[in-house]
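Peer 1: Just a sequence and a predicted model for now, questions to come.
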Amino acid sequence: MPTEQRSHVVAIDQGTTSTRAMVFDRSGRVVAVDQLEHRQIFPRAGWVEHDPVEIWENTRVVVGGALAKANLNATHVAAVGITNQRETTVVWDRTTGEPAYNAIVWQDTRTQAICDALAGDEGPERFADRTGLPLATYFAGPKVRWILDNVEWARERAEAGDLVFGTIDTWLLWNLTGGATDGGVHVTDVTNASRTLLMDLRTLSWAEDVAAEMGIPLSMLPEIRSSSEAYGTCQPGILIGVPVAGILGDQHAATFGQACLEAGTAKNTYGTGNFMLLNTGEEIVRSRNGLITTVCYQLGDAKPVYALEGSIAVTGSLIQWLRDNLGIIDSAKDVEALAATVDDNGGAYFVPAFSGLFAPYWRPDARGALVGLTRFVNKGHVARAALEATAFQTREVLDAMNADSGVPLTELRVDGGMVVNETLMQFQADILGVDVVRPEVIETTALGAAYAAGLAVGYWSSPDEIRANWGEDKRWSPQMPVEERERLFRTWKKAVQRTLDWVDADTP
């Protein structure tokens, strides 16, 4: 069937806790979805891993499930797009396809000593002018270095050219296009490459000297391509013959799916963590207020579009922690009802610095704290404090963006799983002092990947169709008095200070 007659686009959304396949039509509507969770592996405190083989197997299952629910097959699919948890790192054997180690997840903090050694006397901003990023455990490069240093024979095999590296997008693309048996394509896109600490933001190529400093052979690195082009064709399987034509890291995909295509537009995604991106156009803007500079997207041969990003490590995963570690809720959706049993936080503030603090602090020495406790505080107050933590952290990032851009945002587009929580969305508008806007399609991460793939093959003709498809579902406006907003935020800032300097030389 000719590409122009194919009726749908499939997006693979590989996230921190689950893998989804979603089928979209030309209007950007979800036709079908299938989803599977994967194991969260915690070998030690601060270590977070996934099984990359499990992720690949789940991907195959959910693609088949979504197509079956939509009553479609490969002949109906114009293209496949991939979006992924960004910095999570896989190293595997290019001949056998066998991972050298589990995937090291973006939340993992084991590489702090590597980052400190690389920073040396120049500090964590040593490579920031080139890469846009501070030296932090968040990013992929130090994770590769850890695998090479700690897995038996890994460095020897890497230097012999036997091992390759990729973020999850690269791992999935390689397997979709043939893997070890049929010449899998070893490619990443500019957005994921910009999260490795190894890519030069100006040239969109690997910074060879930085890779050498990290001890990572260039032979391991995938080819860097744009976010919207045909990378290869799916080999025997459910999607046989379908081109993989779009790759965007999850937060970049959400920005694209939210139609934040003009400089000055911004979105905030509420997922495992929170990630706010501000489109800065073709200009590379350096942050002076704790944000990072990243590639927003690049469409084919067009110039790249850049963004400022505020990355928050723990938001939705805090609600999972209440469920899994404390057992005070049975499911994540129960947190809103529990929080509604009280009128306010009862004076309790929850700073979820489980992996240190990301933007705007970048403090790996911080650890989580629940402060302001009295005998009055109950589990309803704790649930409310957990929700409010997401809003307070977002306020800190928005303040930093306003300071860096010089143009205060007047509204914030939101997406992700937590935006169905109306209590949180109202408090978010209250604590920001600006309108919060939820789109009709909240699965904007998968939608952005679908758009990138569809544009590459002509399924959608131009980004104007993306703008036309976006629609507002609900808007929350601030209702809290300014004095109360600032009092609450001032107390939050005081709580944050209590978390700092927790990890020191004597901390295991």
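Peer 2: Cool, got the structure. Source: prediction; values computed, not measured. Numbering: from 1, shown residues only.

Peer 1: can you pull the buried residues of stretch 280-291?
Peer 2: Under the neighbour-count criterion of 16 or more other CB atoms under 10 Å, stretch 280-291 has 280, 284-285, 287, 289-291 buried. Where you see a C-beta, it was placed from the backbone N, CA and C, and this is true even at glycine.

Peer 1: Kindly list the main-chain dihedrals of the closest residue to residue 266 other than its chain neighbours?
Peer 2: Excluding the flanking residues, the one nearest residue 266 by CB to CB, 6 or more residues apart in numbering is residue 278, at 4.3 Å. Residue 278 adopts backbone torsions of phi -110, psi 120, taken as degrees, to the nearest 10.

Peer 1: before we move on, what about residue 357?
Peer 2: Note on residue 357: its backbone torsions stand at phi -110, psi 130 [degrees, to the nearest 10].

Peer 1: what's the answer for residue 80, then?
Peer 2: Per-residue torsions, residue 80: phi -120, psi 140 (degrees, to the nearest 10).

Peer 1: correct me, but it touches residue 456?
Peer 2: No: contact criterion CB atoms under 8 Å: residue 80 and residue 456 do not qualify, at 10.5 Å.

Peer 1: what is in contact with those two at once?
Peer 2: 243, 245-246 (CB atoms under 8 Å, 6 or more residues apart in numbering).

Peer 1: ok, these vs residue 439, which is closest?
Peer 2: Checking the shared contacts of residue 80 and residue 456 against residue 439 by CB to CB gives residue 246 as the nearest, at 19.4 Å.

Peer 1: Please identify which helix or strand holds that closest one.
Peer 2: strand 243-249 (DSSP states H and E).

Peer 1: Report the backbone C-alpha coordinates of that strand in PDB.
Peer 2: This file holds the C-alpha atoms of strand 243-249, laid out as PDB (Å, rounded to 0.1, in the frame of the first residue of the first chain):
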ATOM      1  CA  PRO A 243       9.700   3.100   8.200                       C
ATOM      2  CA  VAL A 244      10.900   4.300  11.600                       C
ATOM      3  CA  ALA A 245      10.900   8.000  10.800                       C
ATOM      4  CA  GLY A 246      10.800  10.000  14.100                       C
ATOM      5  CA  ILE A 247      12.800  10.000  17.300                       C
ATOM      6  CA  LEU A 248      12.400  12.500  20.100                       C
ATOM      7  CA  GLY A 249      13.400  12.300  23.800                       C
END
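
Peer 1: quick one on the thing from earlier: which among the buried residues of stretch 280-291 gets closest to residue 132?
Peer 2: residue 284 (7.3 Å).

Peer 1: neighbour-wise, which of residue 80 and residue 456 wins?
Peer 2: Comparing residue 80 with residue 456 by other CB atoms under 10 Å, the one with more neighbours is residue 80, at 29 against 24.

Peer 1: and that one, what is it in contact with?
Peer 2: Residue 80 makes contacts with 9-12, 176, 234, 239, 242-246, 453, as judged by CB under 8 Å, 6+ apart.

Peer 1: Just the element for residue 380, please.
Peer 2: In the assignment (DSSP H and E), residue 380 maps to helix 379-405.

Peer 1: packing partners for whatever helix or strand comes next after that helix?
Peer 2: The element immediately downstream of helix 379-405 (helix or strand, assigned by DSSP H and E) is strand 411-415. Here strand 411-415 touches strand 266-270, helix 422-432, strand 435-439, going by 3 or more CB pairs under 8 Å, 6 or more residues apart in numbering; DSSP states H and E.

Peer 1: Give the rounded mean pLDDT of stretch 293-307.
Peer 2: The pLDDT scores in stretch 293-307 average 94.

Peer 1: quick one: buried residues of that stretch?
Peer 2: For stretch 293-307, the neighbour count (16+ other CB under 10 Å) marks 293-299, 304-307 as buried.

Peer 1: which residues are in contact with that stretch?
Peer 2: Residues outside stretch 293-307 that contact it (CB under 8 Å, 6+ apart) are 132-133, 189-191, 193-195, 201, 204, 226-229, 248, 252, 255-256, 261, 277-287, 308-309, 452, 455-456, 463.

Peer 1: Which entries within those meet the buried criterion?
Peer 2: The neighbour-count criterion (16+ other CB under 10 Å) marks 132-133, 189-191, 193-195, 201, 204, 226-229, 248, 252, 255-256, 261, 277-280, 284-285, 287, 308-309, 452, 455-456, 463 among the contacts of stretch 293-307 as buried.

Peer 1: Give me the subset of the residues you listed lying in helices.
Peer 2: Among those, the ones falling in helices (DSSP state H) are 190-191, 193, 252, 255-256, 452, 455-456, 463.

Peer 1: which one of these sits closest to residue 160?
Peer 2: Closest to residue 160, out of all of those and judged by CB to CB, is residue 193, at 23.8 Å.

Peer 1: Can you give me the distance of the nearest residue to that closest one once chain neighbours are set aside to residue 221?
Peer 2: Distances taken as CB to CB, 6+ apart put residue 199 closest to residue 193, at 4.3 Å, once the chain neighbours are dropped. Separation of residue 199 from residue 221 (CB to CB, to the nearest Å): 9 Å.

Peer 1: which neighbours do the two share?
Peer 2: Joint contacts of residue 199 and residue 221 (CB under 8 Å, 6+ apart) are residue 206.

Peer 1: more crowded one of these two?
Peer 2: Per other CB under 10 Å, whichever of residue 199 and residue 221 has more neighbours is residue 199, with 28 against 23.

Peer 1: Please name the residues that touch the residue nearest to residue 413 when sequence neighbours are not counted.
Peer 2: Taking CB to CB, 6+ apart, and ignoring the residues beside it in sequence, residue 413 has residue 267 as its nearest neighbour in space, at 4.4 Å. Residue 267 sits next to 254-255, 258, 260, 276-277, 412-415, 444 when contact means CB under 8 Å, 6+ apart.

Peer 1: run the last query once more with 7 Å
Peer 2: Contacts here follow CB atoms under 7 Å, 6 or more residues apart in numbering; on that basis residue 267 touches 254-255, 258, 260, 277, 413-415.

Peer 1: Would you agree residue 323 is in contact with residue 338?
Peer 2: No: using CB atoms under 7 Å, residue 323 is not in contact with residue 338, being 10.7 Å away.

Peer 1: who touches both of those two?
Peer 2: residue 329.
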